[in-house]
Structures are given as C-alpha cells and as structure tokens.
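Chemist: structure for this input, please:
(one chain, ligands or ions: 1)
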Amino acid sequence: MSGISATLEGKRLLLGLTGGVAAYKAAELTRLFVKAGVDVRVVMTDAATRFIGTATMQALSGQPVFTDLWDARIPDHMAHIELSRDRDLILVAPATADFMARVAGGMADDLLTTLCSARRCPLLVAPAMNVEMWSNPANLRNVELLQRDGVTILGPAVGDQACGETGLGRMLEPEQVFELVATQLAGPGRTGALAGKKVLVTAGPTFEPIDPVRGITNISSGKMGYAVAQAAAEAGAEVLLISGSTALAVPRGVRRIDVQTAQDMHSAVMKNVAKQDIFIAVAAVADYHVVGRKEHKIKRGKGNLTLDLAPNPDILGAVAALAKRPFCVGFAAETENLREYAQAKRLKKNIPLLAANLAQHAFGKDDNALTLFDDSGEHILPRASKIDLARQLVAHIVEMLQPKRGVTRKSR
Ligand code: C5P
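Modeler: Residues are numbered from 1 along each chain as shown. Sure thing, here's the model as predicted:
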C-alpha cells in the first residue's frame with residue numbers, strides 16, 4: 001500500500017457533480033479516490049446527469065448515486081442531512097458558476113445545495129466554466145464570498161475550453177484535484193511535499209498605538225500571507241500563522257495567533273520558532289513604534305504634535321540570526337528599484353530566499369506578481385492570483401530543500 005493510500009484508507013468523501021463538460025473529469029477523480037481506499041458517495045445535480053450518466057458514477061464509486069432531494073431510500077426524507085453526516089469532506093467537481101452563486105447566497109433548493117448548507121464538514125469546490133463566466137464580476141464576488149465563508153476553491157486553471165475559447169476557468173486535472181483534496185482528507189502533516197514539516201508564517205500589517213483610539217499601521221490586507229499559509233497547509237505542512245489585524249478567515253488546517261504590534265509579533269514568533277522547519281515572513285511589519293503611548297485620547301492642540309518613534313525589532317533578522325534557524329524566506333515590498341533593493345535585502349538579512357513584489361501592485365489586491373531571489377539567481381512568477389503564486393512559492397521552497405543532485409536550477 002502506498003503512503004498516500006495508507007493515510008486515506010477509510011476516509012469518507014461526498015463528491016458532488018454539477019452540470020459542466022468537465023463532469024468527465026469527475027469519473028477519473030472517483031477512480032483515483034476509490035483506488036486510494038476512499039469511500040466515495042456521489043451526488044449529482046440534474047444538469048450533471050446530462051453530461052455523465054449516473055450508471056458510470058455508480059459503477060466507479062461502487063455505491064448508489066443520489067440526485068433527488070426526496071429520495072425514498074433515505075429514511076424520513078432526510079437526504080439533505082443524512083448523506084453528509086458521516087462524511088469527512090464534501091468536494092464539488094466540477095462546480096458551475098450557478099452552483100457557486102447559490103451556495104454563496106445560502107440557497108438550498110436541490111439535494112447538493114441543501115447538503116452543502118447543512119454540512120458539518122469542510123467544503124472544497126473545483127470550478128469549471130468559460131473564461132468570461134469566470135471573470136464575470138458577479139462570479140468573482142461569489143468566489144470571494146465562498147472563500148470568506150471558509151470554502152476552499154481549487155483552481156481554476158488556464159487553458160483550452162470546451163467552447164473553443166482559451167483562458168482561466170478550466171477545471172484542474174483530476175490528479176491535481178486529487179492531490180489537493182488528499183492532503184486535506186489525510187489531515188495536516190500526513191501527505192504532500194511538506195508532510196511532516198512545520199511552517200511558521202507571519203502575515204498582515206502591524207498596528208502601533210499612539211493613544212487608545214489611534215495608531216500607525218499600513219495598507220497590507222494580509223491576503224498574500226494567508227495564501228502562503230494555505231499553500232503550505234495544502235502541501236501537507238503543519239502551519240502556524242502569526243497575523244496582524246485582518247478581515248480574513250483562517251485557512252483550513254492552519255492555526256492562527258493574533259497579534260497587534262510588531263513587538264507582539266516578535267514575541268509570538270520567538271516563542272514558537274524553535275520547532276519550525278520553515279519561516280516565511282510575509283507580514284508588513286511597522287519599522288517604528290510610538291514611545292510613551294498615551295493612556296487617554298490626545299486632545300487637539302494649537303501647535304504641531306510631535307511623535308517620538310523608536311525602531312521595532314527586525315523579526316526576520318532575529319530568526320535568521322539564530323544558531324539553529326529554520327529555512328528563512330523573506331518578502332520585500334518596494335515601490336521602485338525592485339531588483340536592486342530586493343537583492344540587497346536578501347544579503348543583508350542573510351536569508352536563502354526572498355520574494356519581491358511592487359507594493360503598488362500587491363497591497364490589498366487579489367493578484368500579484370513575484371520575483372524570487374536566491375543563490376541561483378532570479379525567478380519571475382508572472383501575474384496570477386495570490387493563491388497560485390503562493391503555491392508556486394511553496395513549490396520553489398520544496399525544490400530548494402531537496403538534497404542537491406548536482407543539477408543547477410535554471411534561472412529565468
Ligand atoms: O520592511 P522590510 O521591507 O525590510 O521587510 C522585509 C522582510 O522582513 C519581510 O519579510 C518582513 O516580513 C520582514 N520584517 C520583519 N520584521 C520587521 C520588518 C520586516 O520580520 N521589523
């Protein structure tokens with residue numbers, strides 16, 4: 001039995017299919033899960049049955065397929081509750097724009113949406129649709145709503161589409177969906193390229209109080225750091241996220257410690273760093289804090305108000321200086337001279353890898369572009385969603401951690 005099968009054996013999946021040409025990929029996906037020892041229960045919408053037969057899905061899963069909210073095989077007509085109660089996870093692949101809109105809106109008017117609405121287990125969806133449908137503002141809004149509600153979105157990929165157009169919206173390949181879902185089904189630290197590794201990520205802005213109601217902060221949204229935490233968790237790592245104040249949901253499988261100031265973040269990192277294998281400093285840490293924070297609200301005066309600012313600890317610098325240090329990855333947000341500043345920062349902080357981005361293209365946005373700097377040179381990760389970039393960054397780290405085989409990586 002392979003390692004992954006050993007950890008998936010006996011796990012229970014509810015696989016939902018909605019109406020899209022990519023439904024054929026769900027057949028292969030079912031085969032991969034069943035082969036790995038997973039108990040797969042299939043639920044299909046009416047539209048899905050127009051693309052692939054229930055007989056095919058029944059044969060591949062080895063179980064009856066459900067399509068009807070009022071299925072008489074379930075006692076008391078409780079299919080919408082019963083079918084998901086014993087499941088470890090619900091995966092909907094392919095997921096249409098319509099399905100995502102209905103779940104994002106809390107609608108529950110067929111078997112699959114009622115199951116999602118009444119679930120107690122994680123929900124993962126693999127969207128599949130035309131490029132224009134994917135980039136439609138309403139769809140992107142629904143994707144964001146789902147993510148905020150803790151739903152994991154797998155993909156989509158860029159490529160040829162059934163309609164003849166090309167672009168973002170293709171469903172990920174069955175093997176890719178399997179890998180991502182298997183990691184989550186197995187639980188943290190069980191499978192994936194970072195299985196057994198502990199990863200510490202800092203994210204978000206810090207806030208330096210001036211008085212009880214005011215402070216100094218920056219416009220970091222935390223999205224890049226949270227994406228990095230999610231990508232590391234997807235790769236099987238046990239992830240601890242130390243986060244400044246953000247409006248983001250904790251990625252599934254990640255443990256979060258909330259902090260406010262740079263000094264709090266420094267203390268939390270130093271307290272937890274000893275057991276970590278990898279430290280990824282994505283947080284936009286304030287360089288200074290206010291000396292003599294006022295106990296009461298400062299009143300408006302006539303003249304200028306002068307704040308006395310003292311430097312904050314350099315968290316990444318402190319971790320990189322430890323005798324027994326984790327693999328350290330830094331981020332640099334610059335507004336100009338990206339390459340020059342980033343290289344200098346990597347050498348000054350004495351870290352093996354630094355990801356640089358232009359602040360004006362990164363802060364608060366859902367997409368970004370990164371340039372990675374390491375000993376082998378410069379690696380450009382072109383503009384993509386932050387989660388895609390985070391997955392590429394994690395893949396780069398995995399590659400750097402692999403024992404050298406006398407092959408030099410190509411730099412771009
Ligand atoms: O602020 P700066 O551009 O120098 O940040 C570069 C890297 O150092 C980032 O990875 C950031 O998270 C980290 N940093 C830190 N502590 C600070 C300042 C920055 O860990 N006080």
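Chemist: give me every residue that touches the residue in the stretch 51-200 of the chain that the ligand sits nearest to.
Modeler: Nearest residue of the stretch 51-200 of the chain to the ligand: residue 200, at 11.3 Å (CB to the nearest ligand atom). Every C-beta, even on glycine, is put in place using the N, C-alpha and C of the backbone. By CB atoms under 8 Å, 6 or more residues apart in numbering, the contact set of residue 200 is 239-240, 242, 269, 272-273, 276, 278-280, 326.
Chemist: with pLDDT, secondary structure and distance to the ligand added, can I get the residues you listed in CSV?
Modeler: Below are the contacts of residue 200 laid out as CSV (pLDDT from 0 to 100; DSSP: H, G, I helix; E, B strand; the rest coil; distance: CB to the nearest ligand atom, whole Å):
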residue, pLDDT, secondary structure, distance to the ligand
239, 96, strand, 16
240, 98, strand, 15
242, 98, strand, 10
269, 98, helix, 8
272, 98, helix, 14
273, 98, helix, 12
276, 98, coil, 14
278, 98, strand, 13
279, 98, strand, 9
280, 98, strand, 8
326, 98, coil, 13
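Chemist: thinking again about what came up before, nearest spatial neighbour of the residue of the stretch 51-200 of the chain closest to the ligand, chain-adjacent residues omitted?
Modeler: Among residues not flanking residue 200 along the chain, residue 276 sits closest, at 4.4 Å (CB to CB, 6 or more residues apart in numbering).
Chemist: pretty sure the one you found contacts residue 201?
Modeler: No - Residue 276 sits out of contact with residue 201 when judged by CB atoms under 8 Å, with a separation of 9.8 Å.
Chemist: mutual contacts of the two, please.
Modeler: residue 240.
Chemist: more neighbours: which of the two?
Modeler: More crowded of residue 276 and residue 201, by other CB atoms under 10 Å: residue 201, with 32 against 23.
Chemist: for that one, helix, strand, or coil?
Modeler: strand (DSSP: H, G, I helix; E, B strand; the rest coil).
Chemist: if I pick it, what's in contact with it?
Modeler: Taking CB under 8 Å, 6+ apart as the test, what residue 201 contacts is 225, 228-229, 232, 239-242, 279-280, 282.
Chemist: list the beta-bridge partners for it.
Modeler: residue 241, residue 280 (DSSP bridges).
Chemist: pLDDT value on it, please?
Modeler: For residue 201, the model assigns a pLDDT of 98.
Chemist: kindly report the same for the one 4 residues further on.
Modeler: Per-residue confidence at residue 205 stands at 97 (pLDDT).
Chemist: and it, how close does it get to the ligand?
Modeler: 11 Å (CB to the nearest ligand atom, to the nearest Å).
Chemist: confirm that residue 318 sits in a helix.
Modeler: Yes - looking at residue 318 with three-state DSSP, it is inside a helix.
Chemist: can you tell me how far it is from residue 374?
Modeler: 21 Å (CB to CB, to the nearest Å).
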